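# Just a sequence and a predicted model for now, questions to come.
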Amino acid sequence: MRLTGGLDRGRKLRAPRGATTRPTGAKVREAMFNILGPAPEASVLDVFAGSGALGIEALSRGASSAIFVERDGRALQSLHRNLRELGVNGRARVMGTEAHAALRQLSTEGARFGWVFIDPPYAAGLVTSVLEVLAGGNLLASGGIIVVEHDKRNVPPDSVGSIHLTDRRYYGDTGVSFYRSETGLS
């Protein structure tokens with residue numbers, strides 16, 4: 001697995017062995033970031049980060065900082081190793097906890113994000129509840145975008161609270177849905 005763009009383009013990322021982590025493929029990541037365009041001024045958030053591929057790709061492409069949320073021990077080891085080997089530890093924060101708890105903590109801290117990546121285990125049914133926390137937690141910066149990775153069998157809803165679908169693309173069986181908050185459109 002390699003980074004597809006930015007300053008660290010072509011650098012390798014390590015992923016944990018086993019079936020518990022499914023890294024986002026290079027073609028899907030490249031398409032996703034081409035749609036997103038230039039990195040936001042606000043930090044990025046990578047929920048269910050796994051190896052950290054999405055957040056690290058954002059850092060490579062110019063994001064100032066990233067927060068990674070992951071609770072699986074092997075994935076955390078790979079994530080920490082990737083951050084260290086790429087020399088981006090100073091621009092990253094890792095939260096080794098459950099996603100909902102991390103989002104509530106970040107909301108309490110007043111954190112705001114330009115991009116939020118959500119890439120849970122597809123069949124776990126977690127996307128809607130994570131979108132609900134994001135909708136109620138005021139975590140999106142003005143103009144912020146939420147990107148949800150899913151498959152064709154587990155398509156997320158078109159809207160949750162103030163968060164609404166703006167685009168959905170498929171790359172084989174992998175779907176990518178883009179959301180914005182109506183309260184963050186100013």
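All right, it came through fine. Everything quoted here is computed from the prediction, not taken from an experiment.
# Surely G50 touches D119?
Yes: assessed by Cβ atoms under 8 Å, G50 is found in contact with D119 at 7.0 Å. Placement of C-beta: from N, CA and C, glycine included.
# So between the two, which is more surrounded?
Set side by side, G50 and D119 show more neighbours around G50, with 27 against 22, by other Cβ atoms under 10 Å.
# does the more buried one count as helix, strand or coil?
On the three-state scheme (DSSP: H, G, I helix; E, B strand; the rest coil), G50 is labelled coil.
# Quick check: it vs S64, distance?
Counting by Cβ to Cβ, to the nearest Å, the gap from G50 to S64 is 22 Å.
# Next, the contact list for S129, please.
By Cβ atoms under 8 Å, 6 or more residues apart in numbering, the residues touching S129 are H100.
# Helix or strand: which one has it?
Counting by DSSP states H and E, the element that carries S129 is helix 127-137.
# Show me what counts as buried in that helix.
V127, V130, L131, V133, L134, A135 (16 or more other Cβ atoms under 10 Å).
# Quick one: end-to-end length of stretch 12-30, please.
This stretch, stretch 12-30, spans 15 Å end to end (Cα to Cα, to the nearest Å).
# could you give the mean pLDDT of the lengthiest helix in the chain?
Assignment by DSSP state H gives helix 73-86 as the longest helix of the chain. Mean per-residue pLDDT for helix 73-86: 92.
# for stretch 104-120, same thing?
Computed over stretch 104-120, the mean pLDDT rounds to 95.
# buried set for it?
By neighbour count with 16+ other Cβ under 10 Å, stretch 104-120 contains the buried residues L106, S107, A111, R112, F113, G114, W115, V116, F117, I118, D119, P120.
# In this protein, where is pLDDT below threshold?
For the chain, applying pLDDT under 70 flags the ranges 1-11, 13, 16-24, 183-186.
# for the buried residues of helix 127-137, which one is nearest P40?
When the buried residues of helix 127-137 are ranked by distance to P40 (Cβ to Cβ), L134 comes first, at 15.4 Å.
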